[in-house]
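Colleague: sequence first, then the predicted structure, then my questions.
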Amino acid sequence: MAEMWVFGYGSLIWNPGFAYDARLVGFVRDYRRVFYQGNRPLAARQLLRRFELQYLEVREKQYDEKIYLDLYTDPSPKTPVVKNVMVYFATTNKESNVNYLGPAPLEEMARQIYLAVGPSGPNKEYLFKLEGALNKLGVEDPHVQELANSVRGYSDNQLSH
């Protein structure tokens, strides 16, 4: 199997679940990470084995599209570091993406994340692990930071009012 790169923008950053041969911290242009998925919601990893691809197909099945984009490590160059990085992508099409919830006010998203528990555990843990992994990589993501701070502000007492 030829070498392949996959772009991880969520739990693949801190918990890939498979061995990989190389890792780059970078970004794809014209896309951003948002918490608009109802199901379990930046690093590219090089895959050389068929097993990892099969594993990803099962793990990332809630995303309704698989697209190929170019990976950049610097905002100014016009030439990508890696071309055709595989990205599992959640579209806004509610017919093909039944988990799409769409934009919501920050407090509503925070409340939902605070309460939600998925197959991998509490959604707030997912958010905090993502925040920690991004911080460790030196990646600033205002949306993730603002959402994590809002979720931290929640308490069980707030939910009863």
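Modeller: Okay, I see it.
Colleague: is it true that residue 69 lies in a strand?
Modeller: Yes: per DSSP: H, G, I helix; E, B strand; the rest coil, residue 69 lies within a strand segment.
Colleague: can I assume it is in contact with residue 28?
Modeller: Yes: applying C-beta atoms under 8 Å, one finds residue 69 in contact with residue 28, separated by 4.3 Å. For every residue, glycine as well, the C-beta is placed using N, CA and C.
Colleague: surely residue 150 touches residue 110?
Modeller: Yes: taking C-beta under 8 Å as the definition, residue 150 is a contact partner of residue 110 at 3.8 Å.
Colleague: can you give me the pLDDT of the spatially most central residue of the chain?
Modeller: Most central in the chain under C-alpha atoms, centre = their mean is residue 10, positioned 2.5 Å from the mean C-alpha point. Listed pLDDT for residue 10 reads 86.
Colleague: neighbour count winner among residue 150 and residue 110?
Modeller: residue 110 (23 against 18; other C-beta atoms under 10 Å).
Colleague: so who does that one touch?
Modeller: 147, 150-151, 153-154 (C-beta atoms under 8 Å, 6 or more residues apart in numbering).
Colleague: again with residue 85
Modeller: Taking C-beta under 8 Å, 6+ apart as the test, what residue 85 contacts is 5-7, 28, 44, 68-71.
Colleague: export the one helix or strand it maps to as PDB, just CAs?
Modeller: Assigned by DSSP states H and E, residue 85 belongs to strand 82-89. Output in PDB follows, covering the C-alpha atoms of strand 82-89 (Å, rounded to 0.1, in the frame of the first residue of the first chain):
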ATOM      1  CA  VAL A  82       2.100  17.500   1.800                       C
ATOM      2  CA  LYS A  83      -0.400  17.200  -1.000                       C
ATOM      3  CA  ASN A  84      -3.700  15.200  -0.800                       C
ATOM      4  CA  VAL A  85      -3.900  14.600   2.900                       C
ATOM      5  CA  MET A  86      -7.000  12.600   3.700                       C
ATOM      6  CA  VAL A  87      -9.500  14.400   5.900                       C
ATOM      7  CA  TYR A  88     -12.700  12.900   7.400                       C
ATOM      8  CA  PHE A  89     -15.100  15.800   7.000                       C
END
